[in-house]
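> Predicted model, plus sequence, below.
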Amino acid sequence: MVLLSLKGVQKNFGGVKALRNANLDVSPGEIHLLMGENGAGKSTLMKIVAGMFPRDGGEMLWQGRSVSFSQPAEAASNGIAMVHQESLLAPHLTVAENIFLGRETTSRTGWVNRHSLQSRAARLIADHKFPLDPGARVDRLTPAGKQLVEICRALAQGSSLLIFDEPTSSLSESETKEVFRLVKEFRDRNGAVIYITHRLDELRSVGDRVTVLRDGETVHSCLLSELSSEQLIQHMVGRPVSSIYRREPLPPGDVLLRLQHVTRGIVEDVSLEIRAGEIVGLGGLMGAGRTELCRIIFGLDPLQKGTIEVNGHPIHPGSPREAVAAGIALIPEDRQHHGLALRMPIAQNITMPDLGRVSKFGVLRKSEEASLAGEYRDKLRIKCASTTQAAGRLSGGNQQKIVIAKWVARGARVFLFDEPTRGIDVGAKQEVFEQMDQLARSGAAVLMVSSELPELIQVADRILVMRQGRLAGELPGASTQQDIMRLAAPPSHSTTAIHTN
Amino acid sequence: MQRIQKLLPLFTLLVLAIGLTIATPNFLTEVNLASVARQTAVINIMALGMTLVIITGGIDLSVGSILAVAGLLGTMAMKDGHSISYAIVVGIVVGLICGVLNGLGVSIFKINPFIVTLGTMGIFRGVALVISNGLPVHEVPAGFAFLGEGNILGIPTVVYILLAVAVAMHFLLENTKLGRYSFAIGSNPAAAYYAGVPIKFHLTMVYAILGLLSGLAGMIEASRLMIGQPTAGMGYELEAIAAVVIGGGSLTGGEGSVIGTLIGAFVMGLLSNGSDLLGISPYWQQAIIGAVIIAAVGFDELRKRRLAQ
């Protein structure tokens, strides 16, 4: 029996066809992977199923009945629940309050019965052995904890179909395993799961069937075991991916970035050197202090102890402004919040760190700005109709290129990449790697933080591993994932806690 | 279609003007139009500065109080025997100082601009009342009326001032680093900070400019009434904010334009002028203007939602 069946679903946004002909069949007791590049229409399709968007064409059958949900509540009451990429919880309420939000038990007089709410939540949590405290406030939870709350909410609704939109993109390894355990448990109770992911490495451990979307069309659907990873990528990008890019290391030049005994907060006594032409990987578990180290170097958090030298000159950045002036660039993990002004034109994003270059006495020279933006659009192969388009209109990969472009235009020489491939599709990832390579070739020093071990191994000349705020060791570029994990894992085998305080 | 919706404020203004021309013979007269220009100039000049502040995602509730302090100290300078031009400079500098204080509160002490200016709204007003002991200053030279009520080549002096301010603000917004950074800060303050934009300096500048313009507005107001009053300009802050919002400015920052604000201020000016001409009670005028503000923002939200889809 088929639980959910989508036939020829279409959806337009303005003049853009997000979905042309999407087909999907999901049965109870299966984990169905939905794969495709960014912009292939995966999230759009799932939002139609969950009642967040109306569809413009095609058919949707739910338990054999033709349906169209006009709002999420309608889909939820039919047993469809979606766990989102970004948490959609009320941060100031407790875990229990969030789980039953909108479906609180009330007394006859209309008061919410906190006690029964709490105990029902506790029962649900104990039932699934979640490491959650029903009375904890949601804003105190880690991303993984928040995701668990969303899953609890879906379970409490008695859903028969759970939709996960890239649930693990912000989770650590052990948290990811926890999510997988849950997903499988739900399947074993005859629930159906649709699981959207970018990550090729994780899908084998969780999926049963796979459906691939490309440009809004279903191009392939089969048992996962019938498909090799290469075939899968080929279906996703629509062309064979030439052999995986591997960087030729250069003879390193002068030391551009030197840290000595850098200490602040969790980061303790970190010393390292990066030379011109080098790409150095920085691996470690979530919370090992990698992002925090980047923040210190970029002046977001001032140093407590130690020294930072750029090209031989000691700096003591108290704000990004000073770090930028010293030639440091940060490509932040959260591109949309920290990297770009999404509503502003591409050109204005590119010139933002260095407006002085296109202005005189505070007055902008707009033609210079336009030609500069055009130059870097071509250099970084940013795909856009015009540099006057809003940056937010572009795909994740192209947005990432704008962030890189603005620093290249600024003439930065030390590049800190924090999770540069997060939320970027397979094809664009290779381009980002190539750009990192070009930066190194043009004499920049590159530090790359990544939780994706294969990426570190593929791109970095050498890999530094952090553990609990300290440097745990250094490995050559072509190391194995096991080598990295051995350095990254804490000595005791405690799992990462869900609660932060 | 989207372009048409963007022009909605302009349409509203034209419809109002045409409607009033047909409905009453007194609207399209030199006397009446000059009076509309004079009446709206004070709000308009403050609204232009407010546009800049609102673009950065901020707000300034203290402009009415700044107007009062500046007008009061300016007229007191004349009372003490200083020249008219000296007094005008005094008013403008007082406004500038008040604006810098607001700016420092917002940028250095990182207090929410609503709170900072809610506080200074009371402080500046209180200072004006203390200095004047609550009494207005009447002793101003007759020549001072030229600023608010005079004409140059048959056109009110304030129109020239408004035009100059509008052109300067438009240039500032579209063609200077300060304008660009204002949009950047309002669009995404974190991204601007990460890009090394000197946020504190620019935020202070933005509030300082609004303070300066409020000081100028204070002198024009004093000149129109030929009096310096500690209670002048009460509620003007909301009218200035309303003008920006009707003209397409967004209180969440990153959006706003000089043209839009000018149109917004004139829409409000025509509404009140038209009500006067048509004999609608001033009590109703407030309700009408309130409804127009909500309608303008409501339509703008609809437009944006459609744009986002």
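Arrived safely. Numbers count the residues shown, from 1 in each chain, chains lettered A, B, ... in the order given.
> mind listing what's buried in stretch A:309-316?
A:309-311, A:315 (16 or more other CB atoms under 10 Å in any protein chain shown). Every residue, glycine included, has its C-beta placed from N, CA and C.
> and of these, the nearest to chain B?
A:Ile315 (13.4 Å; CB to the nearest CB).
> ok, now which ones touch the nearest residue to the closest one once chain neighbours are set aside?
Excluding its sequence neighbours, the residue lying closest to A:Ile315 (CB to CB, 6 or more residues apart in numbering or on different chains) is A:Ala326, at 4.7 Å. By CB atoms under 8 Å, 6 or more residues apart in numbering or on different chains, the contact set of A:Ala326 is A:310, A:313, A:315, A:317, A:414.
> From chain B, how far off is A:Ala326?
10 Å (CB to the nearest CB, to the nearest Å).
> Also A:Val212?
Using CB to the nearest CB, one gets 26 Å for the distance from A:Val212 to chain B.
> now do A:Ile194
Counting by CB to the nearest CB, the gap from A:Ile194 to chain B is 24 Å.
> do A:Leu33 as well
In terms of CB to the nearest CB, A:Leu33 sits 28 Å off from chain B.
> picking that back up, tabulate the buried residues of stretch A:309-316 (TSV), appending pLDDT.
Below are the buried residues of stretch A:309-316 laid out as TSV (pLDDT from 0 to 100):
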residue	pLDDT
A:Glu309	92
A:Val310	93
A:Asn311	91
A:Ile315	91
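> Name the helix or strand for A:Leu45, please.
Here A:Leu45, judged by DSSP states H and E, is contained in helix A:42-49.
> and if you look at A:Val262?
A:Val262 belongs to strand A:255-264, assigned by DSSP H and E.
> quick one: strands adjacent to the helix or strand following that strand?
Proceeding N to C from strand A:255-264, the next assigned helix or strand is strand A:267-275, under DSSP H and E. Next to strand A:267-275 in the sheet, as set by DSSP bridges, lie strand A:255-264 (antiparallel).
> What are the buried residues along the strand it pairs with?
Neighbour-count burial for strand A:255-264 flags A:255-259, A:262-264 (criterion: 16+ other CB under 10 Å).
> ditto for stretch B:235-244
By neighbour count on 16+ other CB under 10 Å, the buried set for stretch B:235-244 is B:236-244.
> Low-confidence stretches in chain A?
For chain A, applying pLDDT under 70 flags the ranges A:14-16, A:38-39, A:85-87, A:105-108, A:167-170, A:198-202, A:239-246, A:423, A:425-426, A:490-501.
> Quick check, central residue of it?
Central residue of chain A (CA atoms, centre = their mean): A:Arg422, 3.9 Å from the mean position.
> so A:Cys294, which of the three states?
Secondary structure assignment for A:Cys294 (DSSP: H, G, I helix; E, B strand; the rest coil): helix.
> Show me what from the stretch 151-300 of chain A comes close to chain B.
Along the stretch 151-300 of chain A, the residues adjacent to chain B under the rule CB under 8 Å from any CB of the partner chain are A:298, A:300.
> can you give me the strands in the stretch 151-300 of chain A?
With DSSP state E, counting those that start in this stretch as the definition, the stretch 151-300 of chain A shows strands at residue ranges A:161-165, A:192-196, A:209-214, A:217-223, A:255-264, A:267-275, A:279-284.
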